[in-house]
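Participant: Sequence first, predicted model second:
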Amino acid sequence: MAVQVSTGAEVLCTFGDAPAVFAASSENVTATTPAGVITDVEPENIATFGMCSAPTNPEVIAATSAAFGVPTPAPCVPVLMPWTPGAEAVTINGVTALDDESECRCAWLGVVTVTDPGQARVTTE
């Protein structure tokens with residue numbers, strides 16, 4: 001059973017070198033911490049995954065070129081698409097809630113997954 005994702009959750013990108021802390025944007029939910037929704041993909045929700053090694057990231061391409069073809073990571077600035085599928089039976093202010101079985105994709109082809117939902121008491125179906 002999926003678990004609702006909330007502020008403080010840990011997320012990880014396949015091309016990042018470090019996990020990131022998730023910050024939900026929901027304001028009108030009574031809970032210990034704000035609950036996430038599938039549109040929480042802005043820099044204030046997920047700032048960075050440390051260094052990016054995605055070969056499609058223009059900054060990685062430039063760093064690799066400057067290193068004469070040696071693959072070289074660059075600072076991660078994620079460009080994220082909405083999370084899918086989300087907890088389709090649960091909405092927050094009309095937006096599908098985010099659960100720990102969802103993932104989102106970065107424009108540089110990374111896949112972001114939830115490694116810790118930030119809480120374990122509230123579940124979605």
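Facilitator: Looks like it came in fine. What you see is a predicted model; the values in this text were computed from it and never measured. Residues are numbered from 1 along each chain as shown.
Participant: Surely A62 is in contact with A74?
Facilitator: Yes - with contact defined as Cβ atoms under 8 Å, A62 counts as touching A74 (7.3 Å). In short, each C-beta sits where N, CA and C put it, glycine included.
Participant: intersection of neighbour lists for these two?
Facilitator: Taking Cβ atoms under 8 Å, 6 or more residues apart in numbering as the contact criterion, no residue touches both A62 and A74.
Participant: So the two - more neighbours on which side?
Facilitator: Counted by other Cβ atoms under 10 Å, A62 and A74 do not tie: A74 has more neighbours, with 17 against 12.
Participant: A63 - how many residues pack around it?
Facilitator: So A63, with other Cβ under 10 Å, has 19 neighbours.
Participant: Quick check: which element contains the nearest residue to it once chain neighbours are set aside?
Facilitator: Spatially, and ignoring its direct neighbours in sequence, A63 is nearest to T72 (3.9 Å; Cβ to Cβ, 6 or more residues apart in numbering). Assigned by DSSP states H and E, T72 belongs to no helix or strand.
Participant: Show me what the helix or strand of the chain with the lowest mean pLDDT is packed against.
Facilitator: Of all helical and strand segments in the chain, the minimum by mean pLDDT, DSSP states H and E falls on strand 87-92, at a mean of 90. With contacts taken as 3 or more Cβ pairs under 8 Å, 6 or more residues apart in numbering; DSSP states H and E, strand 87-92 sits against strand 95-97.
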